[in-house]
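A.B. asks: Sequence and computational prediction follow.
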Amino acid sequence: MAALKKLPSSNLPDAVLDRRQAVPALIDRPQDFLIVTGLAGAAQELSAMTGNAPNLFAMGGAMGAALMTALGLALAQPKKKVLCVTGDGDLLMSIGGLATIALQNPPNLTVICVDNGHYGETGNQESHTGLGVRLDTIASGSGFPAVHTINTETELEEGRRLLRENGLRFILLRVKEGPPLREKRNLVPHMERENFRKALLG
Amino acid sequence: MTDASNWPDQLYDLLRSANVTQFAYVPDAGHKVLINRSLADPDAHSVALTTEEEGVALAAGADLGGERAVLLMQSSGVGNCINLLSLINGCRFPLLTLVSMRGDFGEGNPWQYPMGQAVEPVLKAMGVIVLRCDQPEDVIPTVTAALTMVFQSCQAVAVLLGQRLLGAKKF
């Protein structure tokens, strides 16, 4: 099959982590956070990890919306820790949002990109990151004060520590292609909003 | 009697008195006063965007966290927002956007017409209610109505600030 050429600058090691273990190992206790996920794999995984708990707002569409939805939430809830968990495809679609978020520098927000280098939902085509584009370098260049890349299990511990500290963080979690954790989830969009707001705001 | 020609400052005060705290924008001359006031306001978040659809998602996140946002953009930015308006529509998020018009009354740059003239049908197609201001006297009553529609009745509303109001840019 014909494919786009990898960037000559591509120098990352092959991904070895399985997302089904790595994402739960990194986030550890999802109940400690308000979580916004992008569509597809990240939404399925976090729904399964939390049992569709109302501290999770998981997109079922609106590709590219997760990052900035998480910023609006983080600004509105400065006393809560907010996680944006999203895939490389979703993040690539909203990449300017990294610059917007860095300028706001909310200390209660961590962005986790679960990067499998592929568009897993749409035929598993290689994404820009699979061809060597580095989202961690883009996050650094955008002005994120702390950026951590996880290639192996030993680097998970530092990620776990960072996302529980104060300060804006970007964590690139590099995983192999392959299915996420899955659980049957709510796909009625307005119920997502209502459940989340009721649990947070009463 | 209040002088309607001072509508930009009155508009900022109106938004703040309605507890709008997140001001999102791609810089634009038509929104200059609102942008500058939000930058100088210690109790507001002034969020400069790289593209307008970021502001649609920001408004959704603000609502999830119990705050109110406004998206300030030029008419050309409306086109950038379309797909993310499905987030607003599907989840029934409130959305208030103020749109400074180009490609409108007296426009001298032909590049502005395609999007400018498409603003109303495109917004309506995505379920956004469109209100319009063409005179200084229109602005405060129209945005007052929009605030009720958005934050009490949970609708998505765009208030178009026409070039008759803002003055067409000279070329």
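C.D. replies: The structure has been received and is ready for your questions. Residues are numbered from 1 along each chain as shown, chains lettered A, B, ... in the order given.
A.B. asks: And the helices in chain B, which stretches?
C.D. replies: B:7-17, B:32-40, B:53-64, B:75-81, B:85-91, B:113-125, B:136-151, B:163-166 (DSSP state H).
A.B. asks: Out of those, which gets nearest to chain A?
C.D. replies: Of all those, it is helix B:53-64 that lies closest to chain A, at 2.5 Å by CB to the nearest CB. All C-beta spots, glycine's among them, are computed from the backbone N, C-alpha and C.
A.B. asks: and residue 18, what does it touch?
C.D. replies: In the absence of a named chain, this looks at chain A. Residues in contact with A:D18 (CB atoms under 8 Å, 6 or more residues apart in numbering or on different chains) are A:V175, A:K176, A:G178.
A.B. asks: oops, I was thinking of chain B
C.D. replies: Contacts of B:A18 (CB under 8 Å, 6+ apart): B:R68, B:L147, B:F151.
A.B. asks: same thing with A:G87?
C.D. replies: A:G87 touches A:G38, A:A40, A:G41, A:A42, A:C113, A:V114, A:D115, A:N116, A:G120, counting by CB under 8 Å, 6+ apart.
A.B. asks: Tell me how many other residues crowd the first one.
C.D. replies: Applying the criterion other CB atoms under 10 Å in any protein chain shown, we find 30 residues in the vicinity of A:G38.
A.B. asks: And it, what's its pLDDT?
C.D. replies: pLDDT, A:G38: 96.
A.B. asks: Tell me the residues of chain A that contact chain B?
C.D. replies: Residues of chain A found near chain B (CB under 8 Å from any CB of the partner chain) are A:34, A:36, A:57, A:59, A:61-77, A:94, A:96-97, A:99-100, A:103-104, A:189-190, A:192-193, A:196-197, A:200-201.
A.B. asks: Restricted to strands, list the residues you listed.
C.D. replies: Of the positions in the residues of chain A next to chain B, A:L34, A:V36, A:F57 sit in strands, assigned by DSSP state E.
A.B. asks: so what's the residue lying closest to A:F196 once chain neighbours are set aside bridging to?
C.D. replies: Residue nearest to A:F196 in three dimensions, not counting chain neighbours: A:F57, with 4.8 Å by CB to CB, 6 or more residues apart in numbering or on different chains. Note on A:F57: beta-bridge partners by DSSP bridges are A:V36.
A.B. asks: My read is that A:F57 contacts A:T37, right?
C.D. replies: Yes. Proximity of A:F57 to A:T37 meets the contact threshold set by CB atoms under 8 Å, at 7.4 Å.
A.B. asks: picking that back up, reformat the contacts of B:A18 into TSV and put distance to B:R92 next to each item.
C.D. replies: Shown next, in TSV, are the contacts of B:A18 (distance: CB to CB, whole Å):
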residue	distance to B:R92
B:R68	15
B:L147	17
B:F151	13
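A.B. asks: Can I have the buried ones of those as a ChimeraX selection?
C.D. replies: Selection of buried members from the contacts of B:A18 for ChimeraX, criterion 16 or more other CB atoms under 10 Å in any protein chain shown:
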select /B:68,147,151
